[in-house]
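Engineer: next one to model:
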Amino acid sequence: MLGKDFRTFLEEVKAKVPNEYVEINKEISPAYETTAIVTKLEMQKRTPILFFKKIRGSEFPLVVNTCASRSLVAASIGVGKDELSDKYLQALHNPIKPQVVRDGPVHEVVNVGENVNVQRLPQMIYHNTDIGPYLSGGIVMAKDPDTGVYNSSYDRLMVKGPKKLGIYMTPGKHLSQIYEKTEQRNKPMELAIVLGNHPAWCIGALFIGPYATDERDVMGGLMGSPLELVQAKTVDLHVPARAEIVIEGEVPPLEREEEGPYGEFTGYSAGQVRRPFVNIKAITHRKGAIFQDVCGGPHRELLLMSTIPMEPSILHFLKSNIPAVQAVRCPAPFTLFVSIKKAREGQAKQVLLTAFAADMQVKHCVVVDDDIDLNDNAAVIRAIATRVQADRDLFVIKSVSHDELDPSRPEGVPASDKVGIDATAKPSLAIFAAKPMVPKEVMDRIRLEDYLGPIAAKSSGKAREDK
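Structural biologist: Below you'll find the predicted structure:
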């Protein structure tokens, strides 16, 4: 396991996995330059943690790509990357509740009243379509006004001034439901925005599950120990004691201001809409605090952060209802692949319907037999090409609640058509058309270098594995 908080995680990565950690001493502009560096590295299929020591206009250093490597995220919780989903499922089955402590380093510096100024933090602008600076890497924590159960989530935050942030809460998701409850009471919703999070906190906050689930318990399960909390200074919330920075505030009821546009994970810019906003009451931080953010848009970290918890969360939901389900994969926004060991006709369609219920973001779902490797997009496409008849195996559910960040949805409609594709062999894999294969004995016996000499040795190096 790498570290117990964000700071010690970075220290251990630097010491133990130096090829995954880069410190940049040259001053950079907060506008676009970080994105340019991330993009150029991704073009080389590289996603190291980037520690920018000098950000123009801010006293705080910046870190991005904390969760841009599946291997590094897995190592942060003590497992290999192939065990990451199993570890996540284990945490769901064995959650560990947080522990309240008297004090913590996040309160080493406390700014309230006239000392509050969120513009002291790096004012990050990632793309030319962004209206202005955004905070993209903060975990938002709030609690249900009836039950007191906490919700943790990632929500984009537009810097509107020294003491104000615009906020986009995905309609239908849990934070927006908490806000709806407080707004119906004509009361503000208190929240805390947590910056500087260990990877286990990041992927724990993104758990997709029942409304009553406290994601802090999932964080504890992933870490193998309770998340330490302290009482916030100006709101009735507990916040992580070992975070780097915490912004405390409240969202007033019945008030809206323009928010956006902002470049999203879909690869498109989400337009301007009147949305709620946060009035900041306090900013607390550790001495020498490190500002953690997530590079907006369709970059590796943002996509991987959502995928790592989404896959085991959906797999857990599906297997709980249909044991024939074997594996799932989210290869692209709003898209889900599922493999099953089909026992009877109609089972694939049952899986498709259940998948749409598992998460509102699932828009396109493909179900295949368990002989298909979900990590091989070409294999899934071949299954669609050779095992699907459209009138029999494709169906559309019209106008279902969906993420309004989908740029294809009708203007002003927070719903999309859902498409299910049954790409399983009919009537069963056992009696479907036979696959031509080289006998295993021959594949095991033939060694290319025995026939092609040094040419084979030069070209047989492994392709770079998915991080």
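
Engineer: the stretch 301-450 of the chain: helices as residue ranges?
Structural biologist: 347-358, 377-387, 390-393, 440-445, 448-452 (DSSP state H, counting those that start in this stretch).

Engineer: for the last one, list the C-alpha coordinates in PDB.
Structural biologist: Once side chains and other backbone atoms are set aside, the C-alpha atoms of helix 448-452 remain, and they are given as PDB (Å, rounded to 0.1, in the frame of the first residue of the first chain):
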ATOM      1  CA  LEU A 448       8.700 -18.200 -33.900                       C
ATOM      2  CA  GLU A 449      12.500 -17.800 -33.300                       C
ATOM      3  CA  ASP A 450      13.000 -21.400 -34.400                       C
ATOM      4  CA  TYR A 451      11.700 -20.500 -37.900                       C
ATOM      5  CA  LEU A 452      12.300 -16.700 -38.300                       C
END
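
Engineer: coming back round to it: rebuild the helices of the stretch 301-450 of the chain as JSON lines, extending it with mean pLDDT.
Structural biologist: Shown next, in JSON lines, are the helices of the stretch 301-450 of the chain (pLDDT from 0 to 100):
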{"stretch": "helix 347-358", "mean pLDDT": "94"}
{"stretch": "helix 377-387", "mean pLDDT": "95"}
{"stretch": "helix 390-393", "mean pLDDT": "95"}
{"stretch": "helix 440-445", "mean pLDDT": "92"}
{"stretch": "helix 448-452", "mean pLDDT": "84"}
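
Engineer: please identify the most buried of these.
Structural biologist: Burial of the helices of the stretch 301-450 of the chain is given as mean neighbour count (mean count of other C-beta atoms under 10 Å); helix 347-358 ranks first at a mean of 19. For every residue, glycine as well, the C-beta is placed using N, CA and C.

Engineer: on that earlier part again, between the helices of the stretch 301-450 of the chain, which gets nearest to residue 193?
Structural biologist: For residue 193, the closest of the helices of the stretch 301-450 of the chain is helix 347-358, at 27.8 Å, according to C-beta to C-beta.

Engineer: not counting its own residues, what contacts the closest one?
Structural biologist: By C-beta atoms under 8 Å, 6 or more residues apart in numbering, the surrounding residues in contact with helix 347-358 are 208, 313-314, 317-318, 321-322, 324-325, 336, 338, 340, 342, 362, 365, 367, 395, 397, 400, 418, 420-424.

Engineer: return the subset of these lying in strands.
Structural biologist: The members of those that map onto strands under DSSP state E are 325, 336, 338, 340, 365, 367, 395, 397, 400, 418, 420-422.

Engineer: quick check: residue 102 touching residue 229?
Structural biologist: No. Using C-beta atoms under 8 Å, residue 102 makes no contact with residue 229, being 10.7 Å away.

Engineer: what's the closest non-adjacent residue to the residue most central in space within the chain?
Structural biologist: The residue lying closest to the centre of the chain (C-alpha atoms, centre = their mean) is residue 306, at 2.1 Å. Leaving aside its sequence neighbours, residue 306 sits nearest to residue 206 (C-beta to C-beta, 6 or more residues apart in numbering; 6.1 Å).

Engineer: for that neighbour, give me its contacts.
Structural biologist: Here residue 206 is in contact with 153, 154, 215, 305, 306, 308, 309, 310 (criterion: C-beta under 8 Å, 6+ apart).

Engineer: of all these, which two lie farthest apart?
Structural biologist: That would be 153 and 308, which, of the contacts of residue 206, are the farthest apart (C-beta to C-beta) at 15.1 Å.

Engineer: looking at those two, which has the bigger crowd around it?
Structural biologist: residue 308 (23 against 20; other C-beta atoms under 10 Å).

Engineer: that one against residue 91, yeah?
Structural biologist: No. Using C-beta under 8 Å, residue 308 is not in contact with residue 91; the gap is 11.8 Å.

Engineer: buried residues in stretch 148-157?
Structural biologist: Neighbour counts over stretch 148-157 (16 or more other C-beta atoms under 10 Å) mark 150, 151, 152, 153, 154, 155, 156, 157 as buried.

Engineer: domain ranges for this protein?
Structural biologist: 82-119+126-296, 322-431 (automatic domain parsing).

Engineer: and these, which is most packed in?
Structural biologist: By mean count of other C-beta under 10 Å, the domains of the chain have domain 82-119+126-296 as the most buried, with a mean of 20.

Engineer: gap between the two ends of that one?
Structural biologist: 26 Å (C-alpha to C-alpha, to the nearest Å).

Engineer: could you work out the end-to-end span of stretch 417-429 for me?
Structural biologist: 29 Å.

Engineer: what's the answer for stretch 202-213, then?
Structural biologist: Span of stretch 202-213 from end to end, C-alpha to C-alpha: 16 Å.

Engineer: show me where the protein dips below the pLDDT cut-off.
Structural biologist: 455-467 (pLDDT under 70).

Engineer: can you give me the helices for the stretch 151-300 of the chain?
Structural biologist: For the stretch 151-300 of the chain, the helices defined by DSSP H, counting those that start in this stretch occupy 174-184, 199-205, 215-223, 300-321.

Engineer: ok now the first one, how far from the chain's centre?
Structural biologist: On the basis of C-alpha atoms, centre = their mean, to the nearest Å, the separation between the geometric centre of helix 174-184 and that of its chain is 22 Å.

Engineer: who's in contact with it?
Structural biologist: Contacts of helix 174-184 (C-beta under 8 Å, 6+ apart): 140, 142-146, 151, 153, 155, 169-170, 188-189, 211, 251, 253-254, 276.

Engineer: which ones among those map onto strands?
Structural biologist: Going by DSSP E, the strands hold 140, 142, 143, 151, 153, 189, 251 from these.
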